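# 3D model of this:
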Amino acid sequence: MTIPSPGTVTIPVGPLHVALEEPMYFRIDIDGETVRHLEINAGHVHRGIEYLATKRTLAQNVILTERICSLCSNSHPEAYAMAAEQIAGIMPPERAAWLRVISAEIKRIASHLFNVAMLAHLVGYDALFMHVMQIREQAQDIKETVFGNRMDLGAICIGGTRYDLDEESVAWLNVALNRLEPEVSQIEKTFRHNGSIQRRTRGVGVLTREEALACSVVGPVARASGIDYDVRVAAPYHAYAEVPVEVWTENAGDVWSRAMIRLHEALNAIEIVRLCLRKMPDGPTNIGPDPEVPAGRAVAKCEAPRGELIYYLKTNGDDKPERLRWRVPSFLNWDALRFMMHGAKVADIAVIVNSIDPCVSCTER
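Predicted coordinates:
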């Protein structure tokens, strides 16, 4: 533990604070306006949800896991279903694989736009914040129209998907994407060239490649520090081997780089969804009624908006899992804050925390 030097002041941020969406306690030692040390205290929203999963059937846990996290809500049942399918030896229909990609990428667009909107708000550019949130509403409208819900999509089931797209839905979705893409492209240009954004994010919260590797960070946080890793490319699942996933990296490792990675991924997600709509084959979307899952164990992973999400499932032949556990991206990315914060200014604390796109609820199981 670092002992504060004479003249160092300790300030608490959290567990309830205007700059935090969820409860987390930061003990920050500052010297003047400069951060010298950071300690993070978690455990304020522990829900015992892994225990609850063992009291529900395998099919019911598809619904439960979707409620672990709002912005990554589709990724949790996605990885969970993949683990159950491994144990049961189930191969979802080919059309379901493409439909799963579509739901994952639509969710990625909305999640990334929300994060960069919050960044604009935290640097004091509220006009841009409101503009980005207005554009995000287009992504929310897509979710509501296609899936019937603006947050929890209910798209996944063990053995496939619970939704399908007819010709009318495909045509509508293409029009919506054509309207959304230039708006997201304009936001990317604004973040790339706007002086107000540049002054508050360039060189702020730097995480070097070596530090990123030491902390094992994942997702946009890792790719902003030059680490070329994306589960969709490194270990393709669903139909990702047949779609143009672009693993974009930056080398500066600062707040600006992490925002640019997310905006680029949002644009790439639009391209991926378009291709899926063109190439998606006909056929069933799932294998039928809830399948029986024998005794066994499996590990499955997917690329959630925040990064690599890993699920471990152990079954004993009963209709309830014996053990269910997950490792979320935020669990790794939180640790990197001690590097990002060191030497930062007090005014940049909230900006840096937002840049890792943290989720407390899914981290604290």
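# helix or strand right after the helix or strand that contains residue 170?
Assigned by DSSP states H and E, residue 170 belongs to helix 167-193. Using DSSP H and E, the helix or strand that follows helix 167-193 in sequence is helix 195-201.
# where do the strands sit along the stretch 51-200 of the chain?
Taking DSSP state E, counting those that start in this stretch to define them, one finds strands in the stretch 51-200 of the chain at 156-157, 160-161.
# Return the distance of the last one from the chain's centre.
If you compare the mean C-alpha spot of strand 160-161 with that of the full chain, they lie 21 Å apart, counting by CA atoms, centre = their mean, to the nearest Å.
# ditto for stretch 271-278
Put simply, stretch 271-278 sits 20 Å off its chain's centre (CA atoms, centre = their mean).
# Now do the buried residues in that stretch.
271-277 (16 or more other CB atoms under 10 Å). Where C-beta positions appear, they are placed from N, C-alpha and C, glycine not excepted.
# returning to that earlier point: turn the strands of the stretch 51-200 of the chain into TSV, columns for mean pLDDT.
Formatted as TSV, the strands of the stretch 51-200 of the chain follow (pLDDT from 0 to 100):
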stretch	mean pLDDT
strand 156-157	95
strand 160-161	96
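# Nearest to residue 298, out of those strands?
strand 156-157 (16.0 Å; CB to CB).
# what about that closest one, distance to the chain center?
Its chain's C-alpha centre and that of strand 156-157 lie 18 Å apart, by CA atoms, centre = their mean.
# Check which helices and strands it is in contact with.
Where contact means 3 or more CB pairs under 8 Å, 6 or more residues apart in numbering; DSSP states H and E, strand 156-157 is packed against helix 60-66, helix 75-88.
# what do you get if the cut-off is 10 Å, keeping everything else the same?
helix 60-66, helix 75-88, helix 94-122 (3 or more CB pairs under 10 Å, 6 or more residues apart in numbering; DSSP states H and E).
# I'd like the ones you listed as CSV, with mean pLDDT, mean neighbour count and distance to residue 249 appended.
Shown next, in CSV, are the helices and strands packed on strand 156-157 (pLDDT from 0 to 100; neighbours: other CB atoms under 10 Å; distance: least, CB to CB, whole Å):
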stretch, mean pLDDT, mean neighbour count, distance to residue 249
helix 60-66, 94, 20, 30
helix 75-88, 96, 25, 21
helix 94-122, 95, 24, 16
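# hey, where'd the helices end up in the stretch 251-365 of the chain?
Along the stretch 251-365 of the chain, counting by DSSP state H, counting those that start in this stretch, helices occupy 255-279, 329-333, 337-341, 349-355, 360-363.
# Out of those helices, which gets nearest to residue 315?
Nearest to residue 315, of all those, is helix 360-363, at 22.3 Å by CB to CB.
# How far off centre is that closest one?
Relative to its parent chain, helix 360-363 has a centroid offset of 12 Å by CA atoms, centre = their mean.
# Would you mind giving the strands of the stretch 51-200 of the chain as CSV with mean neighbour count added?
Formatted as CSV, the strands of the stretch 51-200 of the chain follow (neighbours: other CB atoms under 10 Å):
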stretch, mean neighbour count
strand 156-157, 26
strand 160-161, 26
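# Using TSV, lay out the ones you listed together with distance to residue 332.
Below are these laid out as TSV (distance: least, CB to CB, whole Å):
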stretch	distance to residue 332
strand 156-157	24
strand 160-161	29
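# out of those strands, which comes closest to residue 313?
Nearest to residue 313, of all these, is strand 156-157, at 14.2 Å by CB to CB.
# Pull up the pairing partners for that closest one, direction included.
Using DSSP bridges, strand 156-157 pairs in its sheet with strand 160-161 (antiparallel).
# which one of the helices of the stretch 251-365 of the chain lies closest to residue 81?
Nearest to residue 81, of all these, is helix 360-363, at 16.9 Å by CB to CB.
# what about the closest one, average pLDDT?
Over the span of helix 360-363, the pLDDT mean works out to 78.
# now the helix holding residue 170 against helix 255-279, angle please.
On the basis of axes from the mean of the first three to the mean of the last three CA atoms, to 10 degrees, helix 167-193 is oriented at 160 degrees to helix 255-279.
# Please consider this matter closed, and thank you.
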